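S.K.: kindly generate the corresponding structure for this input.
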Amino acid sequence: MIAHLGLDDTDSPRGGCTTYIAAVLVEELCQLGVDFLDYPNLVRLNPNAPWKTRGNGAVCLRFSCEVELLDEVLARAVRLVEQEADLAFEETHPGVALLVGEVPLELKLLAKRAIRGLVSLEEALKLCARLDVRAVGFKLGRGLVGALAAIGEPLVGDHTYELLAYRTPENRGKPRAVDASSVVAMDEATRPLTFNNYDPETGRVLITPHGPDPVLLGIRGETPEVVLEAFRMLKLGEPVERWAIFRTNQGTDAHLARRLVRELHPYLPAVVRGRVASVPVMLPGGHVIFRLSDGSGHVDCAAFRPSGRLAKVAHALWPGDLVEVAGGVKTGPQGQLTLNIEKLAVLELVEKRLPRNPRCPRCGKRMKSMGTGKGFRCPRCGHRDLKAQKEWVPMPREVRPGLYLPPPRSQRHLTKPLRRYGLEKYGLPGPPRGEWHWPCWRGSA
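M.R.: Numbers count the residues shown, from 1 in each chain. Just a heads-up that it's a prediction; the model follows:
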C-alpha cells in the first residue's frame, strides 16, 4: 500500500522540532521494512497565520508497505509525538494523520489554502472523515491542519532541499559549535546552489538557529547532493546525533499569490501591483509607510527597518511609481489593513518634481513668499512680484527599476532569495539516487 504520514505542531519556543521527530521516525520505519517513495517532505505553511508554530513547518513521509504494518506505523508516530512534543506548552497542539492511497484533489486544494491562506480545524476534521484519513490529535489537535496540508502538498512545483543536522541531548540549550569561517568557505564553494548560509552585511551565520531545539544546523540548496556536500565542508565543534535531508517548498515564494487590494484580508500573503499613492513617510525607528492603489482600493504598505536596503528603496518611491509589493496582510493600530513588505519590485518610475520659489528676475536670488496669494519678495534686492508662481523642478531619483529583497537575515523561510532566480524547478523529481532510501543517518556524514 502507498501511504502518506503527516505531522505538525509539536514544537514550542521552549524546544522540540517536528522535523526531528520525522528523522527519528524514518529510521524506525526503515527498520520496520517500509520503502520510502520520496525524501521526507517539509512543507512551510502560511507564515502570517495567527496560530503558527515557530517555523510553521509540517512534515510528510511518503512510503509503501504491507497493509498489516499500517497500524504499527501510526502507533510509532503517535508514541514519538508523545515522547518528543512539548505537550505542556499551552499553544502546542500536535496532529498526526495517515492517508492510504493516492492523494485526492480535495486534499491538494486544502494544502494550497493552508500555504496561501487559512484553514479551520473544523474543516480539516470533516475532510479526515470524508477521505477516511486516520487522524490523531493531541489537546486541541490543531496540528491536524498542517499534517493534512503536508500530505496534500506533493511539491510538484518549484522546490528545494534542506539538510538538517541534530544535536546530541547533552548539548541542547548550549551555544552551537559551528565554525563561522567554514560556513563562509562552504557558501563560496557551493554558490549559487546553496542559499542563505550567512548574511554578508553582518557576517552572521544563518544556518544555525538560536533556540533550545535539537537542530544544530540547516543547509538549504537546489539538490540533495549539494546540501550533503556542503555539510561535509563544515567544521563542527560538537557531535551530530543524526541528520536528514528534506525536500521542501522553502525559498520558492509558494505562499504568494497575486491579488487585488479589494481581496485583501488579515493574515493573507499577497502580491499586489499598483501605483504609489502617497509620499512615503519614515516613522521613528526607521520604518517606512506608503499608500498603494490598484484601482480596486488602496492599502498601506510597510517596510521595516530590519529590511535594510528595501526600506531605503521604499522611502525613495514617489506618487505615481508603478510597483509590485509582496508580503503579509496585518491589521494596523486603527484597524486599517497594512501590507508588510517581504519584497518589492519597482516596475516604472515617474518624473519626480518638487516646488521651489521662483528666482528674482533682477539678481537671480530665490525669492521668499510674502504669504498665501501675496506674491514673492527678493531678500537680496527687495524686488516684489505679486504674480510670481512656484517653479516645479525635476529631481534626480535615488531608486532604479528592479527587484529588492531584505538581507538574508531578515528573509522568511518561504521567501525566494535572489540567488534562486533562474534556478526554479518544476515537476516531481525522478527516483532519488544512491543512498536516497536512507535519507536520515546517525552520526556525521
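S.K.: would you say L347 is within a helix?
M.R.: No. Counting by DSSP: H, G, I helix; E, B strand; the rest coil, L347 is located in no helix; its state is strand.
S.K.: continuing past the host helix or strand of T338, what's the next helix or strand?
M.R.: Element membership of T338 [criterion: DSSP states H and E] is strand 337-348. Downstream of strand 337-348, the first helix or strand assigned by DSSP H and E is strand 352-356.
S.K.: what's the next helix or strand along the chain from that following strand packed up against?
M.R.: Sequence order places strand 368-369 as the next helix or strand after strand 352-356, per DSSP H and E. Judged by 3 or more CB pairs under 8 Å, 6 or more residues apart in numbering; DSSP states H and E, strand 368-369 is in contact with strand 376-377. In this view, the C-beta of every residue, glycine as well, is placed from N, C-alpha and C.
S.K.: just checking, next helix/strand downstream of the strand it packs on?
M.R.: Next along from strand 376-377, by DSSP H and E: strand 384-385.
S.K.: next helix or strand past that next one?
M.R.: strand 391-395.
S.K.: kindly export that following strand (C-alpha atoms) in CSV.
M.R.: Taking C-alpha atoms only, strand 391-395 is exported to CSV below (Å, rounded to 0.1, in the frame of the first residue of the first chain):
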residue,chain,number,x,y,z
GLU,A,391,8.5,76.5,-10.2
TRP,A,392,8.3,72.7,-10.4
VAL,A,393,11.8,71.4,-10.6
PRO,A,394,12.7,67.9,-11.8
MET,A,395,14.6,66.0,-9.1
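S.K.: so which elements touch it?
M.R.: Packing contacts for strand 391-395, counted by 3+ CB pairs under 8 Å, 6+ apart, involve strand 352-356.
S.K.: what's around G251, how many residues?
M.R.: 28 (other CB atoms under 10 Å).
S.K.: whoops, I mixed them up, H210
M.R.: If we define neighbours as other CB under 10 Å, then H210 has 7 of them.
S.K.: phi, psi of it?
M.R.: Dihedral pair for H210: phi -120, psi 0, per degrees, to the nearest 10.
S.K.: OK, contacts around it?
M.R.: Under the criterion of CB atoms under 8 Å, 6 or more residues apart in numbering, H210 has no contact partners.
S.K.: and the pLDDT for it?
M.R.: Looking at H210, its pLDDT reads 89.
S.K.: partner strands of the strand holding T338, with direction?
M.R.: strand 298-303 (parallel), strand 322-331 (antiparallel), strand 402-404 (antiparallel) (DSSP bridges).
S.K.: can you tell me which of those is nearest to C378?
M.R.: Closest approach to C378 among the strands paired with strand 337-348 (CB to CB): strand 322-331, 40.5 Å.
S.K.: for the record, mean pLDDT for the closest one?
M.R.: In this model, strand 322-331 carries a mean pLDDT of 96.
S.K.: buried sites along it?
M.R.: Neighbour counts over strand 322-331 (16 or more other CB atoms under 10 Å) mark V323, E324, V325, A326, G327, G328, V329, K330 as buried.
S.K.: now do stretch 336-345
M.R.: The neighbour-count check on stretch 336-345 (16+ other CB under 10 Å) flags L337, T338, L339, N340, I341, E342, K343, L344, A345 as buried.
S.K.: and what of stretch 119-139?
M.R.: Across stretch 119-139, burial judged by 16+ other CB under 10 Å covers 119, 121, 124-125, 127-128, 131, 133-139.
S.K.: other residues contacting it?
M.R.: Contacts for stretch 119-139 (CB under 8 Å, 6+ apart): 74, 78, 81-82, 85, 87, 92-100, 104, 106-107, 110, 113, 140-145, 147-149, 151.
S.K.: gap between the two ends of it?
M.R.: 18 Å (CA to CA, to the nearest Å).
S.K.: how far does that stretch sit from the chain's center?
M.R.: Remark: stretch 119-139 is offset 26 Å from the chain centroid, using CA atoms, centre = their mean, to the nearest Å.
S.K.: check stretch 282-295 too.
M.R.: Per CA atoms, centre = their mean, the displacement of stretch 282-295 from the mean C-alpha position of its chain is 21 Å.
S.K.: how about the CA coordinates for it, as PDB?
M.R.: Output of stretch 282-295 as PDB, limited to C-alpha atoms (Å, rounded to 0.1, in the frame of the first residue of the first chain):
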ATOM      1  CA  MET A 282       9.700  57.400   7.600                       C
ATOM      2  CA  LEU A 283       8.500  56.700  11.100                       C
ATOM      3  CA  PRO A 284      10.500  56.800  14.300                       C
ATOM      4  CA  GLY A 285      12.700  53.700  14.400                       C
ATOM      5  CA  GLY A 286      13.300  53.700  10.600                       C
ATOM      6  CA  HIS A 287      10.100  52.100   9.400                       C
ATOM      7  CA  VAL A 288       8.700  53.400   6.100                       C
ATOM      8  CA  ILE A 289       5.000  53.600   5.200                       C
ATOM      9  CA  PHE A 290       3.400  54.500   1.900                       C
ATOM     10  CA  ARG A 291       0.000  54.000   0.300                       C
ATOM     11  CA  LEU A 292      -0.600  51.800  -2.700                       C
ATOM     12  CA  SER A 293      -3.600  51.900  -5.100                       C
ATOM     13  CA  ASP A 294      -4.500  49.500  -7.800                       C
ATOM     14  CA  GLY A 295      -7.900  50.900  -8.900                       C
END
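S.K.: so which bits of that stretch are buried?
M.R.: H287, V288, I289, F290, R291, L292, S293, D294.
S.K.: repeat that for stretch 93-109.
M.R.: H93, P94, G95, V96, A97, L98, L99, V103, P104, L107.
S.K.: just the ones of the residues you listed in strands?
M.R.: The strands, defined by DSSP state E, take in G95, V96, A97, L98, L99 from the buried residues of stretch 93-109.
S.K.: burial of the residue nearest to L322 when sequence neighbours are not counted, as a residue count?
M.R.: Computed as CB to CB, 6 or more residues apart in numbering, the closest residue to L322 that is not its neighbour in sequence is E348, at 3.8 Å. Using other CB under 10 Å, E348 has 10 other residues around it.
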